[in-house]
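> Sequence first, then the predicted structure:
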Amino acid sequence: MSDHPALRYISKGAWGLVEPLVSPRAKDLLAKLVDFLENDVIPAEALFHAQIPTHPPEARWASVPTVLETLKDRAKELGLWNLWLSGGDFQGMAGGQGGGLTNLEYALMAEIMGHSAILAPQATNCSAPDTGNMEVLARFGTQAQKEKYLVPLLKGEIRSSFSMTEFGVASSDATNLRNTTAVLDAAKKTVSLTGHKWWITGAGDPRNKVHIVLAVTDPENPSPHRRHSLVLVDPKQKGVRVVRPLTVFGYDDAPEGHCEMRYDNVQVDVDSGVVGGKAGLGRGFEIIQARLGPGRLHHCMRSIGIATRALDMLLQRVSDPARKTFGKHLREHGTVLADIAHSRAEIDQARLLVLAAARRVDVAGAKGALQDIGIAKFTVPTMALRVVDRAMQVYGAEGVSSDTHLPYFYASLRTLRYADGPDEVHIQQIGKQELKRVEELRKRTDQIKAKSEKLLREGGKERAKL
């Protein structure tokens, strides 16, 4: 086994399993990423937060910490830019941008980025929601839409939002989304967009230049999956309004934010403003499914990095010689040792789930990997939450204070149990998928039973009657 810097973060067992599938170029990029994380990104975290104004409140949404641009320049120098653009076909659609990595290789890198889940993805242009929005534009946008939005997104010059979740609507069932409409004019040349959305990530960012809005364009279509389209909206356009930045456990995530939005009679040209132009009308559901699958897996990849950093913090805390309770160092208490062991085991289990799903995407495509992605989606964030909670517990009161990163980790991970489809949806889908195996299982069981009975008869034995 090679002595790779990634082994400081990834278990030897997992590395030994995937190393033969990792190209020499990817190994080189991974080593550079580890160095970038340790020597540039994590040391810059305190400065990043210090450069976000605390008051007046509106100032938090007016500028971006300058250290981020320094990190982005450094990432470009190292070739650590757009690494998320995995897969050969996607490379072509995105104009050759990105690292040319497999999804498996990117899974390793995203885990490393997760150790600084705010800064590292932004610094390498690998952060949500931009990655998913770039994928939408690359796969489904017109050439003009790609030039206007995809190119500057790939360069990291602008940010974007994906405007889907609706205020007052049970959005976990996406067919319910109905309060945002894009009404076509008689000539079908323009749409008038009106609606009420919330939890729109990135809508507060001064760099934001486009919202991709899911809206009803054909309410009478007999198929609930053909009623929606994706509409491209300039956030500075007349009728677009940020109602308020929302908070997650008190965190506002300035300057990006998660905002409540109103769209009031926003006029959008169909050819330039509907993703895919006229051909994109009614394809909203088809497009968002293509967008959400890889995004779900990217979140899982980063979550493992978050969990590992929390475990690292736990280990250092319990090994502090100044931390004694009831005459023992913290690490000498049996409950603490159990927490360490369970955390290590759960992280390593979750990593194998994610690597298997990423490999499945490489082999069978995102559609062929839906089950693997779904299992990872409802397993990994919950695992990471448990690990962070254990770390918080050994930190005592400090563990729920912003003096540590732990409360923010917890808030972010708890949000993931809703993002891109709540746990319950994925659990139901996997349960239904498993039940489809029953007929095959019964047939196989009957065949085995028949052979068993035949062998008993031939051996002069009879199965005991109960």
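Now that the structure is in, tell me what you want to look at. Numbering: from 1, shown residues only.
> Am I right that residue 195 is in a strand?
Yes. Counting by DSSP: H, G, I helix; E, B strand; the rest coil, residue 195 is part of a strand.
> out of everything not next to it in sequence, what's closest to it?
residue 180 (2.5 Å; Cβ to Cβ, 6 or more residues apart in numbering). Where C-beta positions appear, they are placed from N, C-alpha and C, glycine not excepted.
> just checking, that neighbour touches residue 214?
Yes. Contact status for residue 180 versus residue 214: in contact at 7.0 Å, counting by Cβ atoms under 8 Å.
> Any chance you could list residues touching both of those two?
residue 163 (Cβ atoms under 8 Å, 6 or more residues apart in numbering).
> one step back: for the residue nearest to residue 195, give its distance to residue 272.
Going from residue 180 to residue 272 by Cβ to Cβ, to the nearest Å gives 19 Å.
> Look at the two and report which has more neighbours.
residue 180 (24 against 12; other Cβ atoms under 10 Å).
> secondary structure class for residue 137?
helix.
> The closest residue to it other than its chain neighbours: how many residues sit nearby?
Of all residues not flanking residue 137 in the chain, residue 150 sits nearest, at 4.2 Å (Cβ to Cβ, 6+ apart). Residues contacting residue 150 under the criterion other Cβ under 10 Å number 23.
> so residue 150 sits right up against residue 139, yeah?
No. Checked against Cβ under 8 Å, the pair residue 150 and residue 139 is beyond contact range at 10.2 Å.
> SS state for the residue lying closest to residue 281 once chain neighbours are set aside?
Nearest residue to residue 281, sequence neighbours excluded (Cβ to Cβ, 6+ apart): residue 229, at 5.1 Å. Secondary structure state of residue 229, per three-state DSSP, is strand.
> Repeat that for residue 420.
At residue 420, secondary structure determined by three-state DSSP is coil.
> same deal with the one 10 residues further on?
For residue 430, the assignment made with three-state DSSP gives helix.
> list the contacts for residue 65?
Contacts of residue 65 (Cβ under 8 Å, 6+ apart): 47-49, 51-52.
> Out of those residues, which end up buried?
Among these, the ones that count as buried by 16 or more other Cβ atoms under 10 Å are 48-49, 52.
> a markdown table for these, including distance to residue 145 and secondary structure?
Converted to a markdown table, these look like this (distance: Cβ to Cβ, whole Å; DSSP: H, G, I helix; E, B strand; the rest coil):
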| residue | distance to residue 145 | secondary structure |
| --- | --- | --- |
| 48 | 32 | helix |
| 49 | 35 | helix |
| 52 | 32 | coil |
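> So which of the residues you listed is the closest to residue 27?
Closest approach to residue 27 among the buried ones among the contacts of residue 65 (Cβ to Cβ): residue 48, at 28.7 Å.
> which non-adjacent residue is nearest the closest one?
Going by Cβ to Cβ, 6+ apart, residue 48 has residue 65 as its nearest residue, at 4.8 Å.
> For that neighbour, grab phi and psi.
Per-residue torsions, residue 65: phi -50, psi 130 (degrees, to the nearest 10).
> Then residue 260?
phi -90, psi 130.
> Show me what it is bridged to.
Taking DSSP bridges as the rule, residue 260 bridges to residue 244.
> Pull the contacting residues for it.
With Cβ under 8 Å, 6+ apart, residue 260 has these contacts: 167, 196-200, 242-244, 246.
> Apply 6 Å and report the result again.
Going by Cβ atoms under 6 Å, 6 or more residues apart in numbering, residue 260 touches 198, 243-244.
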